[in-house]
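Chemist: Based on what follows, work out the 3D shape:
(one chain, ligands or ions: 1)
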Amino acid sequence: KIPLYNNDGFHKKAIDVLKKIQKNDFIPKRRKYGTPFWVKPVNDWGFIPTKNYQEGQFEYADAINAESMQKRIVDGGGACWNCVIACWNKSSIKFGSHKGVSLVGPEYETLALMGSNLGMKTIEDVAYLNERCNELGMDTISLGGVLGFAIEAYEKGAISKKDLGGNDIGWGKAEELARLIDDIAYRRGKIGNILAEGVKTASERLGKSSGSYAVHVKGLEIPGYDPRGAFGMGLAYATSDRGACHQRAWTVRAEINDPELDRFSFKKKAELVKKIQDERAAFFSLVLCDFAPISEEDCVDMWNLATGFDHTVESYLLAGERIWNLIRLFNLREGLDPKEDKLPKRLFKDPFTKGPAKGILLTDEGFQQGLKEYYSLRGWDDKGIPTKEKLEELGLVGYILDK
Ligand code: SF4
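Modeler: Down below sits the predicted model:
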């Protein structure tokens, strides 16, 4: 065991931070509902993925939201080891053909991607599919994206019933989708094998215009916040190191609450995305949970007390920026073309037909302008490559790329 630099000071600070967490306004909601809390607001705001991202509001959202979960399947709470927030929901299905199936969850992302995105009308169906994924070790965001894509491809003729071995999949058809999940997990049949590769490769192999509704960034399926309702999420997904990940920069809170920001515009989003990306890169390096409301100042105090360093908030955020540049260099070295900093076609051409984001589309001009500003703020060139000057400033001289 490595001793802490200042054991007493660290523990005193940790107690102080825990007290602040307990007093945080949002913690009671997080403890009571967990991440499913977000189903209602994101649906109300009109950007919950629905039927393969064709819509941003789901007609059965009330059936799969946090209240419905509490009433119908939640047995109690729980927590990761020693966590004072305790955001888990321990659930079990109480009736129907899957009575007795138990799990921790579903989380918001599962309710969005395997709920509204697949047209599921009951919380039990989402819980059932969630547990099937748990059993098989499959990610519910990516798989939800893949299944939504598969249903639309089936409806539009890019996948036939014969391809599916007679499985008549469709929106809200939990049993048929559970069967397809097994086919994907075991790469059974032509379609199971193709879909196991994810939406990007599946659309490339299927062809038949399926690329027009293949929703992913850099091969990673989009999580539970459709950028047509919060443009900052579009810039966050496009510039994320691993594709469409909501944990690299979650701009939703700022875009909804900050009166200075228009959620249907790319203006001022480059600055917001960069700031959150750098902060999260530093924060996650301290091995903290994404949901822990700990200020930058408290993070730095604990870091210094644990290690004996003498960091400031400025140098902490600079560490985040250094990480972000290092990852960019890693991706460039491994052949990830910066041209992949882009978004799926659907977001630019298929407007929602209902809700507050009805009729809204991203524009290529707005997105390119946002991307240009982002590269400039990062000190990268106009192709998205870190400049020699920026790398020198960050102390990353040994990583300067040969052009
Ligand atoms: S560590 Fe994070 S995910 Fe785990 S119970 Fe606490 S808040 Fe929830």
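Chemist: Identify the residues contacting Phe95.
Modeler: Remark: with contacts taken as C-beta atoms under 8 Å, 6 or more residues apart in numbering, Phe95 is in contact with Glu124. (C-beta placed from N, C-alpha, C; glycine too.)
Chemist: Write out the residues of this structure neighbouring the ligand.
Modeler: Contact residues of the chain with respect to the ligand, defined by C-beta under 6 Å from any ligand atom, are listed as Ala79, Cys80, Cys83, Ile85, Ala86, Cys87, Trp88, Cys289, Phe291.
Chemist: Select from those the one having the most neighbours.
Modeler: In terms of neighbour count, Cys87 stands highest of those at 22 neighbours, by other C-beta atoms under 10 Å.
Chemist: That one reaches Lys32, doesn't it?
Modeler: No: under the criterion of C-beta atoms under 8 Å, Cys87 lies out of contact with Lys32, with a separation of 9.2 Å.
Chemist: Quickly note the distance from Leu195 to the ligand.
Modeler: Between Leu195 and the ligand the computed distance is 29 Å (C-beta to the nearest ligand atom, to the nearest Å).
Chemist: let me fix that: Leu336
Modeler: Separation of Leu336 from the ligand (C-beta to the nearest ligand atom) stands at 30 Å.
Chemist: My reading is that that residue is in a strand; is that accurate?
Modeler: No: under DSSP: H, G, I helix; E, B strand; the rest coil, Leu336 sits outside any strand and is assigned coil.
Chemist: chain center to stretch 297-316: distance?
Modeler: In terms of C-alpha atoms, centre = their mean, to the nearest Å, the centre of stretch 297-316 is set 28 Å apart from its chain centre.
Chemist: What does the pLDDT read for the residue of the stretch 101-250 of the chain found nearest the ligand?
Modeler: Nearest residue of the stretch 101-250 of the chain to the ligand: Glu107, at 9.0 Å (C-beta to the nearest ligand atom). Turning to Glu107, the model gives it a pLDDT of 98.
Chemist: burial of it, as a residue count?
Modeler: Glu107: 19 surrounding residues under other C-beta under 10 Å.
Chemist: Nearest residue to it in space, please, no chain neighbours.
Modeler: Computed as C-beta to C-beta, 6 or more residues apart in numbering, the closest residue to Glu107 that is not its neighbour in sequence is Thr35, at 4.6 Å.
Chemist: dump the residue contacts of the one you found.
Modeler: Thr35 makes contacts with Cys87, Glu107, Tyr108, Glu109, as judged by C-beta under 8 Å, 6+ apart.
Chemist: Please report phi then psi for it.
Modeler: For Thr35, the backbone dihedrals are phi -60, psi -20 (criterion: degrees, to the nearest 10).
Chemist: and what of Leu336?
Modeler: The main-chain torsion angles of Leu336 are listed as degrees, to the nearest 10 and equal phi -80, psi 110.
Chemist: cool, and Trp380?
Modeler: The phi and psi torsions at Trp380 (degrees, to the nearest 10) take the values phi -100, psi 160.
Chemist: what comes into contact with the host helix or strand of Ala281?
Modeler: Element membership of Ala281 [criterion: DSSP states H and E] is helix 269-285. Helix 269-285 has contacts (C-beta under 8 Å, 6+ apart) with 231-232, 235-236, 239-240, 247-251, 254-255, 261, 290, 294, 296, 299, 316-317, 319-321, 323-324, 327, 370-371, 373-374, 376-378.
Chemist: give me that answer again for 6 Å
Modeler: Counting by C-beta atoms under 6 Å, 6 or more residues apart in numbering, helix 269-285 makes contact with 231-232, 235-236, 248-249, 251, 254, 316-317, 319-321, 323-324, 370, 373-374, 377, all of which sit outside it.
Chemist: for stretch 182-197, same thing?
Modeler: Counting by C-beta under 6 Å, 6+ apart, the neighbours of stretch 182-197 from elsewhere in the structure are Leu136, Val146, Ala150, Ile159, Asp163, Leu164, Gly165, Ala202, Arg205.
Chemist: cutoff 8 Å now
Modeler: Applying C-beta under 8 Å, 6+ apart, the contact partners of stretch 182-197 are 132, 136, 138, 143, 146, 150, 159, 163-165, 167, 180, 201-202, 205-206.
Chemist: Sketch out the low-pLDDT regions of the stretch 301-403 of the chain for me.
Modeler: Low-confidence segments of the stretch 301-403 of the chain, defined by pLDDT under 70, span residues 402-403.
Chemist: Point me to the helix or strand that includes the residue of it found nearest the ligand.
Modeler: Scanning the stretch 301-403 of the chain for the residue nearest the ligand gives Met302, at 15.7 Å (criterion: C-beta to the nearest ligand atom). Secondary structure assignment for Met302, by DSSP H and E: helix 296-307.
Chemist: can you check Pro28 too?
Modeler: Per DSSP H and E: Pro28 is located in helix 27-33.
Chemist: what comes into contact with that helix?
Modeler: Residues from elsewhere that reach helix 27-33, judged by C-beta under 8 Å, 6+ apart: Ile21, Phe37, Ala66, Met69, Gln70, Gly77, Ile85, Ala86, Cys87, Asn89, Phe291, Pro293.
Chemist: Walking through the stretch 51-200 of the chain, point out its strands one by one.
Modeler: 74-78, 88-92, 102-104 (DSSP state E, counting those that start in this stretch).
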